[in-house]
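[1] Below is the sequence, then the predicted model.
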Amino acid sequence: MNTFRIFRDLFRYNGEFAIGLMLVLIVLAVAACSFFSPYPPMDVYVVPPDVPPSWEYPLGTTSRGQDVFWQLTVAIRNTLLFGIVVAALSRVISLLVGLISGYKGGWVDRVLMSINDTFVVVPLFPILVLFYFIMRDQMTWAMLAVITALLGWAYDARLIRSIAMSLRTREFTRQAVFSGMSTGKIVLQEHLPFVLPIVFSTTMNNINWSIGIEVTLSVLGFTDINTPTIGGMIYWANQHTALVSGIWWWITFPVLLVIMLFIGLFLLAISMNEYIDPRSRLSRLGGQA
Amino acid sequence: MIADLRSIPSSVELRAPQAAPLLSVDRLKAYYKVKLFGIDREVRAVDDVSLKINRNEIYGLAGESSSGKSSLIKTIAGAIRPPLRVVEGSVRFSFKDGERDIYKLSPQELSAIRWSHLSYIMQGSMSVLNPVRRIKHAFADFALPHVAAKGADFTHLVEGHLKRLHLDPAVLQAYPHELSGGMRQRVTIALATICSPEFIIADEPTTALDVIVQKGVLAMIREIQQEFGSSVLFVTHDMAVHANLTDRLGIMYAGRLVEEGRTRDVFKRPLHPYTAHLISSLPRIGDEAPKKALEGSPPSLADPPPGCRFHPRCPLAIDICRREAPPMVELLPGHRTACHVAQADPARVRPVA
Amino acid sequence: MKAYLAYLSKRLVQFAVVVFVGINITYLVTHMTPINPVEQSISAATTYGATSPEAIEMMRQSLRQLYGLEGTPWEQYVSFWKRVLVGDFGPSLSAFPTPVSQLILRALPWTVGLLLVSTLLTWVLGNLLGGLAGYYRNSRVLKAFGVLSMGIHPIPYYVVAFVLLIIFGFLWPILPISGGATMASDRSNTFAFALDVVVHSILPVLSLMAVGIGGWFMGMRALVSNIVTEDYVVYAELAGVKRGKILRSYVMRNALGPQVTGLALQLGAIFNGAIITEQVFGYPGVGSLLISAVHAGDYSLVLGITTVSIVAVSATVLLIDLLYPLIDPRVEAR
């Protein structure tokens, strides 16, 4: 009930949250349409190719004889799912590393943060490309998700660590330690609730990041190109030189839809951040005064 | 008619400028006006304060933490920002080169008198110096626009000033984090006095310093004041510091000045029950009697009690205190108080055991 | 000085850790996969033209050596490191027998130039405008810029570069959309050549800037609106120090440190962006080289580029870290 009220207030008083939520809901609605698609998503030449947007094909058809709209619904669903899976997996790692590092301190913290900083600094894209290079056709959608998650946890782990560090010195932690609670129990029962809001906002950013990786790799053809995704659609459009031959609708609609998703998720993340950080909330109050 | 009458004292001032007080605050009201959740709120931080500070004196201002003393000195310094606003009254300085009404100056004119005539030692001296630049840059930024010396001459000027204050000129090359807390405070005081200002506002300059360092800093302020003949408005809640340092003392309670007089007189013969309480709570050697705490807490400035603002906590309160705000009246020579009881019979107010 | 030395050694250790872990990841990727990389590479390389069985056998030999598949696992690991440390990745398979190092060296100046120009422009411009926006909160122009840059910021490099390509390649073709310079350009005329290079770099630089600028803008704006409430800013205002001076030497100067640290942390991501952008605009840098090496199945080149980029990015981060005390003297505080 309380959560519901927070969301309602955010929607009412925070323009960024309202716009972000609307954009994400539109994208989700498009993705939901995929379940009603009249064509199997993998099939080609099911409709006449290269038809511009019309009443029959609202977003036109591709040179491979697919309806752009129905193709788009499946593609955005897969892309979104990829982002969510990666974000969920990497959240587990960053929570573990962040909480343990922040709570334990000392050499555990130093070693973990050294590794953490390595993942922040190292350019991940060449490593992902190297993965694809070695795996080639064995590089499935699920494997890419796992690898991306394994590479993309570091930035948020540092954020969570800094919060855990501030929690460690608070009174209630000391009390829990004196009452004989185990480290694991303290971290899970006492600290997780404080960390969760920031986890939510980093999740949005992480979904964005991983979708960006997926789109980029697919566009280059470095993924399983037979699973329809947004990047895969652009890849096939580029393969058929859609822009040069004037099939602009094949490219424009996937790009527009994914941009809507990026901006929507980003706005949700920053409005959430603002909600969490009392200092910016205060400045907002001062701004109205 | 009134205008004619008023013109006479100003001609008197012209003949004997030294006699005029350096600072005259007249019926000053400064309120915080905040609009919160659609409701207008008014916090009366400074409510009808009048005071005068003479040349060559240290004027102490005492009061609890939310008594409005910080707002008062900010208003005097012309350093207020919305939502704090001056509602009524005036703040006038008679500097050697002419009279200035702080709230009738343009921003440029205000900038021009800052540091050269009117200087400020801020609370929280630990963090008032820019952490990423050397001390010498602070001196250049603050003082260079106000002095004629440039380049090497300016450096000589600054070094001479530091030496006069028994500080090593090498501190100019240091970063703030390389100095100890006491040293930083001394440097800040040197920075505030580099242009020999006529009026210095010192806002809790010794809070957060340990007692030994505190003593040194107080001696330094006293020395500077005597050497330059400037006036200092010294603000602290620490009554012991006032007893040792200030010439005259004003006591603030809930946005109002409740008592003012020579420091010696105020300590010997407090005329306001609140002052009496402040003084009796000071520790004295050999005094083992338990200190009686004042009941209640200071009133909210957003919704002050009617009449005398001290009456809910006052042991001497009588009926009129709950209805009428007492005026500030001079009961003894140079000793004013705003208390109905004292005005009826000064002998009734005495330090509580 | 002592504090700086302690700081220096800490940073050097971190640099060593980054390079060590990074290179080990590439080793793990190439050695712990269930795929036989030698056969993979051969089949990939031979799809681009018929090759004689002898040549394939030779290739298999050299690849086994190259992948370090000879000897015990420990020997493999040691020989892998040896090659990395001398920077010898053997000959390129797709441009045989040109050494990989030579190909990389040829492409590196383009990437470094592109990154240097775009990153500096983005960082300086983003921070300057963000600082002004934080200090002069009521400026409409800066607010509008904030909304615009915030809108572009979350979009990945590829999509932004692609949109710019569509705009300037098809809708309003006024800028070259491909290559680092005109193919048949006369390189003896230095000025004309330089101008040609600049014109060709406009779109890649622009797309890198479009994505990057919002982050610096927002970060700086938030930093500045916190710094203006700090005591040292309030005190300088009390002293009547000029607003321009306060903005420059007090507000911006103190925000510089966090933003330089931010630059060091973002460098890897910026490098990723440059790879993609090069690919979109056919820019002849390391990114394009990497992607064509993948398509050509050139293992040694892919491994070489991955290793070099890990070392180069972490070395740049180290350089930024070492210069950091110039910006913030409180070095031991970090």
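    Thanks, I have it.
[2] Apart from its chain neighbours, what residue comes closest to the spatially most central residue of chain C?
    By CA atoms, centre = their mean, the mean C-alpha position of chain C lies nearest to C:F271, the distance being 2.0 Å. Spatially, and ignoring its direct neighbours in sequence, C:F271 is nearest to A:P123 (4.4 Å; CB to CB, 6 or more residues apart in numbering or on different chains). For the C-beta atoms, the positions are set from N, CA and C on the backbone; glycine is no exception.
[3] Over to B:I251?
    B:E259 (4.5 Å).
[4] could you dump the helix or strand containing the one you found to PDB, C-alpha only?
    Under the criterion of DSSP states H and E, B:E259 resides in strand B:256-262. Extracted C-alpha coordinates of strand B:256-262, given in PDB (Å, rounded to 0.1, in the frame of the first residue of the first chain):
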ATOM      1  CA  ARG B 256      14.500  39.900  20.400                       C
ATOM      2  CA  LEU B 257      17.200  41.800  22.300                       C
ATOM      3  CA  VAL B 258      16.200  41.400  26.000                       C
ATOM      4  CA  GLU B 259      19.000  43.100  27.800                       C
ATOM      5  CA  GLU B 260      22.000  45.300  26.900                       C
ATOM      6  CA  GLY B 261      24.700  47.100  29.000                       C
ATOM      7  CA  ARG B 262      28.300  47.200  29.900                       C
END
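[5] Which positions within that strand qualify as buried?
    Judged by neighbour count using 16 or more other CB atoms under 10 Å in any protein chain shown, the buried positions of strand B:256-262 are B:R256, B:L257, B:V258, B:E259, B:E260, B:G261, B:R262.
[6] The residue of the stretch 251-353 of chain B found nearest chain A: neighbour count?
    Nearest to chain A, among the residues of the stretch 251-353 of chain B, is B:A302, at 14.0 Å (CB to the nearest CB). If you count neighbours by other CB atoms under 10 Å in any protein chain shown, B:A302 ends up with 13.
[7] who are the neighbours in contact with residue 214?
    You didn't say which chain, so I picked chain A. Contacts for A:E214 (CB atoms under 8 Å, 6 or more residues apart in numbering or on different chains) come out as A:T79, A:F82, A:G83, A:L144, A:T148, A:T223, A:T229, A:I230, A:G231.
[8] sorry, should have said chain C
    If you count contacts by CB under 8 Å, 6+ apart, then C:G214 has C:G126, C:S149, C:M150, C:G151, C:I152, C:H153 around it.
[9] Please check those and keep the buried ones.
    C:G126, C:S149, C:M150, C:I152, C:H153.
[10] Give the members of those residues that are also in contact with chain A.
    Applying CB under 8 Å from any CB of the partner chain, the subset of the buried ones among the contacts of C:G214 adjacent to chain A comprises C:M150, C:H153.
[11] pLDDT weak spots in the stretch 201-350 of chain B?
    Across the stretch 201-350 of chain B, the ranges flagged by pLDDT under 70 are B:287-293.
[12] typed the wrong thing, it's the stretch 51-200 of chain A
    When residues are selected by pLDDT under 70, those of the stretch 51-200 of chain A lie in A:171-172.
[13] if we can go back for a sec, nearest to B:V158 among the buried ones among the contacts of C:G214?
    Within those, proximity to B:V158 (CB to CB) peaks at C:G126, which comes in at 37.4 Å.
[14] now that closest one, nearest residue through space, not along the chain?
    C:W216 (2.8 Å).
[15] Burial check on the closest residue to chain A within chain B, number of neighbours?
    The minimum distance from chain B to chain A, using CB to the nearest CB, falls at B:V34 (5.2 Å). Residues near B:V34, counting by other CB under 10 Å, number 18.
[16] just B:P326 next, same as before
    22.
[17] Likewise for the one 5 residues further on?
    Residues contacting B:L331 under the criterion other CB under 10 Å number 16.
[18] That one: which element?
    Counting by DSSP H and E, B:L331 is part of strand B:329-332.
[19] Return the list of strands paired to that strand, each annotated with direction.
    Next to strand B:329-332 in the sheet, as set by DSSP bridges, lie strand B:335-337 (antiparallel).
[20] quick one: buried residues of the strand it pairs with?
    Here strand B:335-337 shows B:H335, B:R336, B:T337 as buried, counting by 16+ other CB under 10 Å.
[21] on that earlier part again, what is the burial count for the residue nearest to C:F271?
    23.
[22] from memory it sits against C:I310, does it?
    Yes: counting by CB atoms under 8 Å, C:I310 is a contact partner of A:P123 at 6.6 Å.
[23] Confirm C:G297 sits in a strand?
    No: counting by DSSP: H, G, I helix; E, B strand; the rest coil, C:G297 is not found in a strand; it is coil.
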